[in-house]
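S.K.: here are the coordinates; sequence isn't available:
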């Protein structure tokens, strides 16, 4: 065998490793994605169980939510009851879709007897009913008692695809408690409570806002996604193995 033939054989041998390496790398990545989906499955099942557990409990006082937060515990979907007076003149509007209809969630400051202020999501109004004058009957006065669910206030925009909030137009695309406080002149470091409350579905006068908008049913397709990735990895390895075997057999025959 000449030196040229030997070098040619070495070149083919090196190039022959590219395809199997790519197949193995791709399959490994698919398995990684499958494992990640299994982790997400465990997280989602834990979340659903926690929400169901919370929803089965009677509502607690605001002070209990404050205590949970202070101790670093999760307050999401904990039923709570709060009493106070609405500041309808300081309503803030979060863009949302409810029952396939675009509109706004109305976040209204609720002044409590002790002077603390809570931003309460009263519920949904259609996009053309943003103006409070169009739903004056629902702007209840005096002391009210509201039952709802405690919600954590996000610290930052969820991702770059979510638009920035427009404070001048009073339009929010992510629920920034600090910006709502800034837009209404409520001091963050004063009496502002550091969480939201979503009102339950008790009807408001005039029908608006429509309460009970909290999403408490979560899609859980992570097992399906995981099995899909595992299946793709297995298929790739089998098909790739058969192809490599046939190609190797043809090389030996030639």
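M.R.: Nice, thanks for sending it over. All figures in this text were calculated on a predicted structure; none of them were measured in a lab.

S.K.: in the stretch 101-250 of the chain, which spans are helices?
M.R.: Secondary structure of the stretch 101-250 of the chain (DSSP state H, counting those that start in this stretch): helices located at 177-184, 222-253.

S.K.: which neighbouring elements make contact with the longest one?
M.R.: Right, the one you point to is helix 222-253. Using 3 or more CB pairs under 8 Å, 6 or more residues apart in numbering; DSSP states H and E as the contact test, the elements touching helix 222-253 are helix 18-55. In short, each C-beta sits where N, CA and C put it, glycine included.

S.K.: mind giving me the packing neighbours of the next helix or strand after the helix it packs on?
M.R.: Stepping forward along the backbone from helix 18-55, the first helix or strand reached (DSSP states H and E) is strand 60-61. Based on contacts counted as 3+ CB pairs under 8 Å, 6+ apart, the elements that strand 60-61 packs against are strand 79-86.

S.K.: go through the strand it packs on and flag the buried ones.
M.R.: Of all the residues in strand 79-86, those buried under the rule 16 or more other CB atoms under 10 Å are 79, 80, 81, 82, 84, 86.

S.K.: tell me which of these is nearest to residue 252?
M.R.: Comparing those against residue 252 with CB to CB picks out residue 79 as the nearest, at 71.8 Å.

S.K.: and that closest one, what pLDDT?
M.R.: pLDDT for residue 79: 96.

S.K.: repeat for residue 4
M.R.: The predicted local confidence for residue 4 comes out at a pLDDT of 49.

S.K.: which residue is the nearest non-sequential neighbour of the spatially most central residue of the chain?
M.R.: Taking CA atoms, centre = their mean, the centroid of the chain lies closest to residue 158, which sits 7.9 Å from it. If the residues on either side of it in the chain are set aside, residue 158 comes closest to residue 174, at 5.9 Å by CB to CB, 6 or more residues apart in numbering.

S.K.: which residues sit in contact with that neighbour?
M.R.: By CB atoms under 8 Å, 6 or more residues apart in numbering, the residues touching residue 174 are 154, 157, 158, 162, 165.

S.K.: check contacts around the first one.
M.R.: If you count contacts by CB under 8 Å, 6+ apart, residue 154 has them with 174, 175, 176, 177.

S.K.: of those residues, just the buried ones, PyMOL syntax please.
M.R.: Here the buried members of these are turned into a PyMOL selection, burial being counted by 16+ other CB under 10 Å:
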select buried, resi 174+175+176+177
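
S.K.: out of the contacts of residue 154, who's nearest residue 35?
M.R.: Nearest to residue 35 out of these is residue 174 (CB to CB; 30.1 Å).

S.K.: and the pLDDT at the closest one?
M.R.: At residue 174, the model reports a pLDDT of 97.

S.K.: now it: how far from residue 105?
M.R.: When distances are taken as CB to CB, to the nearest Å, residue 174 and residue 105 turn out to be 12 Å apart.

S.K.: which intervals of the stretch 1-150 of the chain have sub-threshold pLDDT?
M.R.: Across the stretch 1-150 of the chain, the ranges flagged by pLDDT under 70 are 1-16.

S.K.: hmm, 80 instead?
M.R.: Where the stretch 1-150 of the chain drops to pLDDT under 80, the residues are 1-17.

S.K.: by mean pLDDT, show me the worst of the helices of the stretch 101-250 of the chain.
M.R.: For the helices of the stretch 101-250 of the chain, mean pLDDT drops lowest on helix 222-253, to a mean of 86.
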